[in-house]
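*Asks:* sequence and predicted model, in that order:
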Amino acid sequence: MYRYITVVILSMICTHNSSAQNVVPVIFRNVWGNTPLQLDSSLHTNQDTNISTINNLKYYVSGITLLHNSDVVFSEPSSVHLIDARMPSSCTVMLNLPKDVFYNRISFNLGIDSITNVSGAMGGDLDPTKGMYWTWQSGYINYKLEGKSNACKTRNNEFHFHLGGYSYPFASIQKIVLNLERTDSIVIIADVSTFVKQIDLANENSVMIPSEQAMKLSRLAASIFSIQK
């Protein structure tokens, strides 16, 4: 009897450990330079001559795939995630991988693809109540950054960047590919300061519709992502 119970327990432990080894967290760590991003707090830019505050940061991550060199070895099914800096739990995506998957790169989209956009508003992270959906004509906002800066000559010194657009000539989705140094967990840094510091907020502080400028800033937004060393 005891031998039977022992075998059952060992089997359960082995099964648990085997499953645990196949679950890999992908963590999106939003930062300002070398420190975690603190919403609604003063942040220094431009050698401290300008002070900025980030009040809202949300962006869509979709189409997560893992690669071994140039070969795709895993694609996450139904891969759409809304990363919300105000909700830490949203910043971790758990990948359930099959056994013996070897990979050294990760790929994902910053934004929502055209097929999802034309399918109409959906539920979950795609629910319009999340504040990331314009209209059926314009689709989803891929990247939203809102805040204040004393460089802005606007009402309450506010800036608003709502970047999106899925149809020609303003398809703004960005594909990002990063090389990995470890595979037990994947930590992706999103340094918002590299986005804000490259914008002349005095003259460019509001992009709210699909446009050439939204595409330019979408490319800039894609450049903020890197793998934590």
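*Replies:* Perfect, I can see it now. Numbers count the residues shown, from 1 in each chain.
*Asks:* OK, contacts around residue 162?
*Replies:* 134, 141, 143, 144, 207, 208, 209 (Cβ atoms under 8 Å, 6 or more residues apart in numbering). Any C-beta I mention is one placed from the backbone N, CA and C, and that applies to glycine too.
*Asks:* likewise residue 133?
*Replies:* Residue 133 makes contact with 121, 126, 139, 140, 141 under the criterion Cβ under 8 Å, 6+ apart.
*Asks:* sorry, back to before: of the contacts of residue 162, closest to residue 180?
*Replies:* Distance ranking of those against residue 180, using Cβ to Cβ, places residue 143 first at 23.1 Å.
*Asks:* convert the C-alpha atoms of the helix or strand hosting the closest one to PDB, please.
*Replies:* Element membership of residue 143, judged by DSSP states H and E, is strand 141-149. In PDB, the C-alpha atoms belonging to strand 141-149 read as follows (Å, rounded to 0.1, in the frame of the first residue of the first chain):
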ATOM      1  CA  ILE A 141      -4.500  51.700 -31.000                       C
ATOM      2  CA  ASN A 142      -1.200  49.800 -31.000                       C
ATOM      3  CA  TYR A 143       0.700  52.000 -28.600                       C
ATOM      4  CA  LYS A 144      -0.600  54.600 -26.300                       C
ATOM      5  CA  LEU A 145       1.500  57.000 -24.300                       C
ATOM      6  CA  GLU A 146       0.100  60.000 -22.400                       C
ATOM      7  CA  GLY A 147       1.700  62.400 -20.000                       C
ATOM      8  CA  LYS A 148       2.800  65.900 -19.300                       C
ATOM      9  CA  SER A 149       6.000  67.900 -19.900                       C
END
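*Asks:* returning to what we had before: show the buried residues in the contacts of residue 133.
*Replies:* Buried by 16 or more other Cβ atoms under 10 Å: 126, 139, 140, 141, out of those.
*Asks:* quick check: the third one vs residue 75, distance?
*Replies:* The span separating residue 140 from residue 75 equals 21 Å under the rule Cβ to Cβ, to the nearest Å.
*Asks:* with the first one instead?
*Replies:* From residue 126 across to residue 75, the span is 19 Å (Cβ to Cβ).
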